[in-house]
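K.L.:
here are the coordinates; sequence isn't available:
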């Protein structure tokens, strides 16, 4: 084969690949047009006299969190009601994405035209809805389903914060969904009172196999003590698009009946969030004034301090929480006020008396030696 033959073969190959590429591109474009046409059809109000179903995605989500437009049309026909999606600014890469308190204002305006709606919220979207309800006791939300919502935070947020540190503004939403954040402390301090006017079903992932488990949110965090809980299998990021595979969820949204099956029991792992006030002032925490000791009295680093950065729009910068995961009998925790004073000892056994997945407790330390108004006790 001479060089001209080689050139001919090469040219033929390029033309063949190009023709395949054109065909593939045409098919992809046709599919996109079909999807957009279905999306436009799906967003039309077909059942204006029935409360719509609103889907709220989570962190790094968008419309693709949910079933494809064609499947949503099937869901609308099945439920005999319109299905709409609330979207907001969030993504994996660091950027100036707003805190959830700001997104709540957008959600408030979105719901304003409706007198009644039902909501299904995935992951961080559930925190957004809970925060909205804490500010709106007269909300139009009738029924609410949480799908794998990190009610007590996600350790994956630490990874997101690492990614966010590439830019100065970081990832504000990741700061808020850390376990122990001020945003989550204030939300869970309500102990579910924000849900009292709403019918609620909480769905979280539980599986014996790694591939079907939730690798983003632990069961301890996604279990909601103030609602009926049921379990499904994961993975976390596909729950929204698999919505039509959960008949108990669809039946609840349609009828308001909670599933007849036995409710999920609380996960066995127990965590605790601790805060300390000294003479009415929240004390700064560090590895110098908070210590952990195992059952043998050996020092342990089995705790985390949250948060280094601000983690709530309406809280003060620097509010800190000790996060204890998987409490173990016999452990003891020593807190010594940062400006000196008597050491407070807290036992894990004491914290485990309350049978909830996450216990939140603020300790009040009143010490006259640390009170400037009391004068110098040495005088």
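P.N.:
Ah, there it is. Predicted, not measured: the structure shown is a model, and the values here were computed from it. Numbers count the residues shown, from 1 in each chain.
K.L.:
so residue 272 sits right up against residue 362, yeah?
P.N.:
No: assessed by CB atoms under 8 Å, residue 272 is found out of contact with residue 362, at 11.5 Å. From N, CA and C alone the C-beta is placed, and that goes for glycine too.
K.L.:
which one of those two has more residues nearby?
P.N.:
residue 272 (24 against 13; other CB atoms under 10 Å).
K.L.:
need the contact list for that one.
P.N.:
322, 323, 324, 327, 348, 351, 358, 359, 360, 361 (CB atoms under 8 Å, 6 or more residues apart in numbering).
K.L.:
who does the third one bridge with?
P.N.:
To tie it back to what came earlier, the one meant is residue 324. Taking DSSP bridges as the rule, residue 324 bridges to residue 272.
K.L.:
what about it, distance to residue 351?
P.N.:
Applying CB to CB, to the nearest Å, the value for residue 324 to residue 351 is 7 Å.
K.L.:
More neighbours: which of the two?
P.N.:
In this view residue 324 and residue 351 are compared by other CB under 10 Å, and residue 324 has more residues nearby, 25 against 19.
K.L.:
does the more buried one really touch residue 290, like I thought?
P.N.:
No: Residue 324 lies out of contact with residue 290 (CB under 8 Å); the separation is 10.4 Å.
K.L.:
what's the overlap in contacts for those two?
P.N.:
Residues touching both residue 324 and residue 290 (CB under 8 Å, 6+ apart): 303, 333.
K.L.:
any idea where the strands of the stretch 1-150 of the chain begin and end?
P.N.:
Taking DSSP state E, counting those that start in this stretch, the strands of the stretch 1-150 of the chain run over residues 53-56, 83-86, 117-122, 141-147.
K.L.:
Tell me which of these sits nearest to residue 62.
P.N.:
strand 83-86 (8.5 Å; CB to CB).
K.L.:
Identify each of the helices in the chain and give its residue range.
P.N.:
Secondary structure of the chain (DSSP state H): helices located at 3-42, 69-79, 100-111, 124-135, 156-164, 172-176, 182-188, 219-222, 247-255, 348-351.
K.L.:
Distance to residue 208 added to the ones you listed, as CSV?
P.N.:
Formatted as CSV, these follow (distance: least, CB to CB, whole Å):
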stretch, distance to residue 208
helix 3-42, 36
helix 69-79, 29
helix 100-111, 33
helix 124-135, 25
helix 156-164, 21
helix 172-176, 30
helix 182-188, 28
helix 219-222, 12
helix 247-255, 20
helix 348-351, 27
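K.L.:
Reformat the ones you listed into a markdown table and put mean pLDDT next to each item.
P.N.:
Below are the helices of the chain laid out as a markdown table (pLDDT from 0 to 100):
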| stretch | mean pLDDT |
| --- | --- |
| helix 3-42 | 64 |
| helix 69-79 | 95 |
| helix 100-111 | 96 |
| helix 124-135 | 97 |
| helix 156-164 | 67 |
| helix 172-176 | 87 |
| helix 182-188 | 94 |
| helix 219-222 | 95 |
| helix 247-255 | 96 |
| helix 348-351 | 95 |
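K.L.:
For residue 284, which of the ones you listed is the nearest?
P.N.:
helix 182-188 (14.1 Å).
K.L.:
how distant is the closest one from the center of its chain?
P.N.:
Mean-position distance between helix 182-188 and its chain equals 12 Å (CA atoms, centre = their mean, to the nearest Å).
K.L.:
shaky segments in this protein?
P.N.:
In the prediction, the chain carries residues with pLDDT under 70 at positions 1-23, 94-95, 158, 160-170, 315-319, 367-379.
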